[in-house]
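1. Quick one, what's the 3D model for this:
(chains A, B, C and D)
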Number of protein chains: 2
Amino acid sequence: MEDFKKQFKKGVIELAILKLLSEENQYGYSIIQQINTRSREQLAIKDGTLYPILYRLEDKKFIESYWYTEDEGRSKPRKYYSLTEIGKERYLRMLKDYIEIEEGLREILQSYEVK
Amino acid sequence: MEDFKKQFKKGVIELAILKLLSEENQYGYSIIQQINTRSREQLAIKDGTLYPILYRLEDKKFIESYWYTEDEGRSKPRKYYSLTEIGKERYLRMLKDYIEIEEGLREILQSYEVK
DNA sequence: ACAATATACCTTGTAATACAAAGTATTTAT
DNA sequence: ATAAATACTTTGTATTACAAGGTATATTGT
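-> Numbers count the residues shown, from 1 in each chain, chains lettered A, B, ... in the order given. Okay, the predicted model is just below:
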């Protein structure tokens, strides 16, 4: 992948993860699939990328995890993550800041100061 | 500044710089002021951030520099930067990719899959 | 039944980069 | 004259998505 695509993704990935968890508790692999599908592959991430982010978010108490088996036939539980209260606050602040910065960039990209 | 604001800026700063240089040749300090003003401080960067980026862009041949004194009364020249041909291509590709990724993120932020 | 693929989680090492913080010197405003 | 802004430079640091490797289970096709 081109280097600047990587750069664009940094930071926004965390925002996307928090948003998905604000909708519903999910396990890691499910988050990857949702990000890949719903962003139409534009924000696609690898599992080796996601899991370290989840551990970091958990260390910071923005999310919590629990092992859970939903199917009868399934022997192995999956590790589910849920948003904590401060995680929800974090998500809302990130969203606000993201929108502000995106608008700032748009100003530069769209405008053209005639001298 | 909060850590995620930093993250959002990474990558997009370079895009903003290339855009400004695509409009007009400019010296470093002028770029800082334009970014700060036109983004309404949302994308504000420090000089210690800009100059290393300019050197990197020059190493990669995306921009070129020349010293120039425009005023009579001014003894010290300012270092002007201009976009090269491959710099222009880089800018257009970055712009396209940025827009795609931004749209991908919007899909995640706006949509809510009802199960 | 078997093979192949997808699912699901984990770990290590790396390259990239905005920033803080420091410096130097000139120019402009009070 | 003094302060503030301008203009450029350098060093060191923390962060983080990724590649690439691993293990094991579950599902699908033949």
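2. Contacts only, for the residue sitting nearest the centre point of chain A.
-> By Cα atoms, centre = their mean, chain A has its centre lying nearest to A:Ile17, at 2.1 Å. When contacts are counted by Cβ atoms under 8 Å, 6 or more residues apart in numbering or on different chains, A:Ile17 touches A:31, A:35, A:50, A:53-54, A:57. Any C-beta I mention is one placed from the backbone N, CA and C, and that applies to glycine too.
3. and which of those is nearest B:Pro77?
-> Nearest to B:Pro77 among the contacts of A:Ile17 is A:Ile53, at 46.5 Å by Cβ to Cβ.
4. Next, that closest one: phi, psi?
-> As for A:Ile53, its main-chain torsions (degrees, to the nearest 10) stand at phi -70, psi -40.
5. Does it touch A:Glu14 like I think?
-> Yes. At 6.3 Å, A:Ile53 counts as touching A:Glu14 under the criterion of Cβ atoms under 8 Å.
6. Look at those two and report which has more neighbours.
-> A:Glu14 (20 against 16; other Cβ atoms under 10 Å in any protein chain shown).
7. Name the helix or strand for that one, please.
-> Taking DSSP states H and E as the criterion, A:Glu14 maps to helix A:12-23.
8. Going along the chain, name the strands of chain A.
-> With DSSP state E as the criterion, chain A has strands at A:26-27, A:63-68, A:78-83.
9. Go through the ones you listed and name the closest to chain B.
-> Chain B sits nearest to strand A:26-27 of all these, at 11.3 Å, using Cβ to the nearest Cβ.
10. give me every residue that touches A:Ile35.
-> A:Ile35 touches A:13, A:16-17, A:20, A:43-45, B:108, counting by Cβ under 8 Å, 6+ apart.
11. ok, of these, which come out buried?
-> A:13, A:16-17, A:20, A:43-45, B:108 (16 or more other Cβ atoms under 10 Å in any protein chain shown).
12. nearest to DNA strand D, of the contacts of A:Ile35?
-> Using Cβ to the nearest atom of the strand, A:Ile45 comes nearest to DNA strand D of the contacts of A:Ile35, at 3.9 Å.
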